[in-house]
Structures are given as structure tokens and as C-alpha cells.
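Visitor: The following block contains a protein sequence and its predicted model.
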Amino acid sequence: MTQATRTTHIPRTQTAPRTLPAVNETAIVTSATGRRTLAVLRIATGFIFLWAFLDKTFGLGYSTTVAHAWINGGTPSQGFLNSPAVVGPFKPFFAAIASPATDVLFMIGMLTIGVAVILGIGLRISAIAGTIILVFMYLAEWSFGPNAASTNPVVDYHIIFALALIVVAVLSAGDAWGLGRNWKRLNLVQNHRWLI
């Protein structure tokens, strides 16, 4: 074999694993006061979801009585979806989806969204899931007709809560007074950025 026809094995260069830059709240919100204010908004918004879970599970007497508590056989989503509070053009749809499965999904959503947002972890997925739940509740209560429960047909508390979730997720507001910074360093989160 001549020198010209001989092939040499050239080792492939090793490339370092691709690491994406972490989303850093400090880089997005440069004011310490702004980060603390967002932390308060995040914790308060998360507590809205966690409180709904606790009240509906144990019947703390605020929106759910002990007799209607989930642990006593109450039906959190079915009770709402089949109640007179659900009005408007989507009423048949909401009545049709009311089931034990929606009870479980609703309660899991309330618990996981509440805990995640309070802790400052999984803010993106929490914002998406929470916004979907809130928009469904907004449509179920249909504030565009007469005798609506809402005093504002366009922007009611469901919309405000959804916007709060979106704001804390977009601004990565889980670092201040939360576990967001450590959460974003986990390999699982680094490999699946939607978990941020």
C-alpha cells in the first residue's frame, strides 16, 4: 500500500455536552426590590391555588363545608360544573365533562400548581396549566350576560390570576425567596427546559 492510498484513522473530537444558559431572574429583573415584589406576587398567587386545594379537600368552611369536603365524598369539580354558577353557551360542555376524573385532575392541578409556584419551581408549566384551568373557570362562569357573578365582563379575577402566573414565569421569578435557582441547575431541568 502506498503512502497516498493508506488511510489513517483520525479520532473524532470529543464535544462537551451542550449546556444551555440558565434563565436567571437577576439578569431579567435587575432591581432587588423588583425581585422581592415578584416573590411576594408569586407566593400569594401560588397560595391561591394551594388554599383552593386545602379548602376543597378538608372543608375548611370558606368555599367548602366539611360535609362537602373531598375527604368526605365531596366532588370539587363536579360540584362546580353542575352548579348554577355555570352559565352561558358553554354550560352543556362543562356539564358533560363533570366526572370523578375531573375531580382528581382539578385537585392535582390545584395542589401541584400551588406548591410549585410557592417554591418557585416549574413556573413555565405551572403558568400554562394554571392559565388553562383559570380560562376554563372564566368561561364556565360566563360574565358576559345579565346577572353575571363578575362585576367586570372582560377582566375578572380569573384573568388577573392567570396574568400573575404568566408574569412570574416570564420573569423567572422563582429565584428570590424560592428554590428556582437550584431547580434550574438540576440535570433533568437542564435537559428538559420546559420544566423551568
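Guide: Nice, thanks for sending it over. Numbering: from 1, shown residues only.

Visitor: where does this protein have low pLDDT?
Guide: Residue ranges of the chain with pLDDT under 70: 1-22.

Visitor: Identify the residues contacting the most centrally placed residue in it.
Guide: Compute the mean C-alpha point of the chain, and by C-alpha atoms, centre = their mean the closest residue is residue 126, 1.9 Å away. With contacts defined as C-beta atoms under 8 Å, 6 or more residues apart in numbering, residue 126 is in contact with 112, 113, 116, 117, 165, 169. All C-beta spots, glycine's among them, are computed from the backbone N, C-alpha and C.

Visitor: give me the element it is part of.
Guide: helix 123-141 (DSSP states H and E).

Visitor: Please pull up the helix or strand immediately following that helix.
Guide: Tracing the chain past helix 123-141, the next element assigned as helix or strand by DSSP H and E is helix 157-170.

Visitor: circling back: could you check how far the residue nearest to the centre of the chain is from residue 47?
Guide: According to C-beta to C-beta, to the nearest Å, residue 126 and residue 47 sit 13 Å apart.

Visitor: now do residue 162
Guide: Distance of residue 162 to residue 47, given as C-beta to C-beta: 16 Å.

Visitor: Which of the residues in the helix ranked longest in the chain are classified as buried?
Guide: Scanning the chain for the helix with the most residues, using DSSP state H, yields helix 32-58. Buried residues in helix 32-58, counted by 16 or more other C-beta atoms under 10 Å: 35, 38-39, 41-43, 45-46, 48-50, 52-57.

Visitor: I am finished for the moment; much appreciated.
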